[in-house]
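S.K.: Structure for this input, please:
(one chain, ligands or ions: 1)
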Amino acid sequence: MNFEYVKQYIKDAGLPNYRIAQVQDAVFKRGISSWEEASSLPADLRAKLTVARPILSFQVSKIVCSQEDKVAKALLTLKDGFQIETVLLKPQDTWSVCVSSQVGCPLRCAFCSTGKMGFKRDLTQEEITDQVLMWYQYVRKEKLGERISSVVFMGMGEPLLNYVNVVKAARDLSRPDQLNIGARHISVSTSGIADKLHKLAVDLPQANLAVSLHNADNAERSKIMPVNRRYDLDDLKKALEEYIAMTGRQVFLEYSVIENVNSRPEHIRKLADWIYSVKDNYLLHVNLIACNLGRGEKTSDRVVKDFAAGLKGMGIGVTIRKSMGNDILAACGQLASQQK
Ligand code: SF4
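M.R.: This is a model prediction of the structure:
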C-alpha cells in the first residue's frame with residue numbers, strides 16, 4: 001500500500017485527519033489484510049478503499065513453509081499477471097524478509113533461476129514495500145511474533161538496476177509511521193553495478209551493502225556472471241574503495257561456493273589477493289554459502305568448510321551462512337520458474 005496515496009485519497013474526500021491515523025494504526029500496527037477488518041473506519045470508507053486503494057498491490061498465489069527451517073516462501077501474482085517471489089526467514093531470533101526488486105533479471109548469472117527467466121520489468125516502489133507488508137500481516141495472523149526487524153534486497157532481480165524504486169521503497173520501509181524497519185537493518189545485495197555505489201552511499205548511507213562476488217578471476221567471473229564484462233573486478237574495487245571511504249561501513253562479499261567451478265585452492269588465493277588489493281580491506285567480510293542449484297543439488301558442507309578455513313588461514317574475515325529452506329526451492333527464482 002502506498003500510504004501517501006491513501007493519505008491523499010482521504011484528504012481529497014474531505015475526511016478529517018484522524019482517519020489517516022486510523023488507517024495507519026490498522027495497516028501498519030494491527031496488520032489487517034482487508035479493509036473490512038479496519039473496524040475504526042466507517043463502512044462506506046472501507047468499501048471505497050477496497051475498490052480504490054487495495055491494501056496489497058498483488059494477489060498471494062501460494063505460500064510454502066519449510067519443514068526443516070523457519071522459512072516461508074510466497075509466490076505473488078502482480079496485476080499484469082507476472083509472478084515474483086518473496087521469502088520470510090528467521091536466521092536468528094527475529095524475522096527477516098527477502099524482497100524481489102524486478103520481475104526476472106537481465107543479468108543472467110549462470111547459477112540463477114531468475115536469470116534464466118529473462119527480464120520482464122522493474123517492480124514499483126509499492127510492489128516492493130508490499131512484500132514486507134504482506135509478511136507482516138502473515139506474522140501477525142499466524143501469531144509468529146510482533147514484527148519484522150530486517151529486510152534484504154536479495155530476491156529476484158538486480159536492485160541497483162531498479163535504483164529509484166528501491167531507494168524509495170527502502171526509505172518508506174524505515175518510516176516510523178509505516179513498518180519502521182531500522183535503516184541499519186536494510187541490506188542491498190548487488191551483483192556489482194559499480195557505477196551506482198557512489199549514489200547508494202549518498203542516498204542510503206545507513207544501509208548494509210553486500211556484493212555478490214563468486215569469483216575473483218575476471219575471465220572466470222565473466223563466465224558465471226556476465227555483468228563482469230560491463231563492470232569488472234577493477235571497476236568494482238575502485239567503487240568499493242570510494243563507497244567505504246564515504247560510509248565507513250563494513251561491506252559483505254557474497255561467495256556461493258560451486259563445487260569444481262570456484263571452489264579450488266587457486267580460487268581461495270585469488271580471492272584473498274583481490275581483497276588485500278582493496279584499500280581499507282579490513283572492512284570487507286566474506287559470506288560463504290553452499291550453492292543451491294535446485295533439484296536437491298547443493299555444494300557439500302565439507303567443500304565450503306575447507307574454503308572458509310583457507311581464507312581464514314590467509315587472515316580474511318569469513319562466515320559460513322546457513323542455506324535455509326532447501327526443501328521449498330529457496331534460491332531466488334526457483335518457485336516462480338517451477339510455477340511457469
Ligand atoms: S543472481 Fe541476482 S543478479 Fe544474477 S541473474 Fe540472479 S537475480 Fe539477477
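S.K.: near the ligand, which residues of the stretch 1-150 of the chain?
M.R.: Proximity of the stretch 1-150 of the chain to the ligand, by Cβ under 6 Å from any ligand atom, involves residues 105, 107-109, 112, 114-115. All C-beta atoms are positioned from the backbone trio N, CA, C, and that covers glycine.
S.K.: Just send these back as a markdown table, with pLDDT too.
M.R.: Converted to a markdown table, those look like this (pLDDT from 0 to 100):
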| residue | pLDDT |
| --- | --- |
| Cys105 | 97 |
| Leu107 | 97 |
| Arg108 | 95 |
| Cys109 | 94 |
| Cys112 | 91 |
| Thr114 | 93 |
| Gly115 | 91 |
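S.K.: State the phi and psi torsions of Ser66.
M.R.: Backbone torsions of Ser66, given as degrees, to the nearest 10, read phi -70, psi 140.
S.K.: any idea how far it is from Val151?
M.R.: According to Cβ to Cβ, to the nearest Å, Ser66 and Val151 sit 19 Å apart.
S.K.: In strands, which of the residues of the stretch 1-150 of the chain next to the ligand fall?
M.R.: Using DSSP state E, the subset of those located in strands is empty.
S.K.: Let me know the closest of those residues to Ala183.
M.R.: Cys105 (25.6 Å; Cβ to Cβ).
S.K.: Is it correct that that closest one is in contact with Pro159?
M.R.: No - here Cys105 lies out of contact with Pro159, judged by Cβ atoms under 8 Å, at a distance of 10.2 Å.
S.K.: one step back: in helices, which of the residues of the stretch 1-150 of the chain next to the ligand fall?
M.R.: Under the assignment DSSP state H, these contribute 114-115 to helices.
S.K.: Cys291: which of the residues of the stretch 1-150 of the chain next to the ligand is nearest?
M.R.: Cys112 (10.0 Å).
S.K.: Which one's more surrounded, Ser66 and Val151?
M.R.: Val151 (27 against 17; other Cβ atoms under 10 Å).
S.K.: Could you pull up the residues touching that one?
M.R.: 96-99, 132, 170, 173, 181, 185-187 (Cβ atoms under 8 Å, 6 or more residues apart in numbering).
S.K.: Those in strands, which ones?
M.R.: Short answer: the contacts of Val151 in strands (DSSP E) are 96-99, 186-187.
S.K.: Find the pair from those with maximum spatial separation.
M.R.: With Cβ to Cβ as the measure, no two of the ones in strands among the contacts of Val151 lie farther apart than Cys98 and Ile186, at 11.8 Å.
S.K.: Between these two, which contacts overlap?
M.R.: Joint contacts of Cys98 and Ile186 (Cβ under 8 Å, 6+ apart) are 151-152.
S.K.: hey, C-alpha coordinates of the one helix or strand Leu197 maps to in CSV?
M.R.: Per DSSP states H and E: Leu197 is located in helix 197-203. Provided in CSV are the C-alpha atoms of helix 197-203 (Å, rounded to 0.1, in the frame of the first residue of the first chain):
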residue,chain,number,x,y,z
LEU,A,197,27.6,2.6,-5.5
HIS,A,198,28.6,6.2,-5.1
LYS,A,199,24.9,7.3,-5.3
LEU,A,200,23.9,4.5,-3.0
ALA,A,201,26.4,5.8,-0.4
VAL,A,202,24.7,9.2,-0.6
ASP,A,203,21.0,8.0,-0.8
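S.K.: name the helices or strands packed onto the helix or strand following it?
M.R.: Scanning forward in sequence from helix 197-203 by DSSP H and E, the next helix or strand is strand 208-212. Packing partners of strand 208-212 (3 or more Cβ pairs under 8 Å, 6 or more residues apart in numbering; DSSP states H and E): strand 186-190, helix 233-247, strand 251-257.
S.K.: Could you list the paired strands of the shortest one along with their orientation?
M.R.: Put plainly, it is strand 186-190. strand 148-153 (parallel), strand 208-212 (parallel) (DSSP bridges).
S.K.: now that strand: how far from the chain's centre is it?
M.R.: 6 Å (Cα atoms, centre = their mean, to the nearest Å).
S.K.: That one vs the ligand: in contact?
M.R.: No - applying Cβ under 6 Å from any ligand atom, one finds strand 186-190 out of contact with the ligand, separated by at least 7.8 Å.
S.K.: got it, and the second one?
M.R.: No - under the criterion of Cβ under 6 Å from any ligand atom, helix 233-247 makes no contact with the ligand; the nearest approach is 13.7 Å.
S.K.: Now do that helix against strand 208-212, angle only.
M.R.: Using axes from the mean of the first three to the mean of the last three Cα atoms, to 10 degrees, the inter-axis angle of helix 233-247 relative to strand 208-212 is 170 degrees.
S.K.: And helix 233-247, what's buried?
M.R.: Going by neighbour count (16 or more other Cβ atoms under 10 Å), the buried part of helix 233-247 is 233, 235-237, 239-241, 243-244, 247.
S.K.: Pick the one among the residues you listed closest to the ligand.
M.R.: Leu236 (13.7 Å; Cβ to the nearest ligand atom).
S.K.: shouldn't the closest one be in contact with Ala194?
M.R.: Yes - if you go by Cβ under 8 Å, Leu236 and Ala194 touch, sitting 5.2 Å apart.
S.K.: For the helix holding Leu197, give me every contacting residue.
M.R.: 160, 163, 167, 188, 190, 207, 209, 239-240, 242-243, 246-247.
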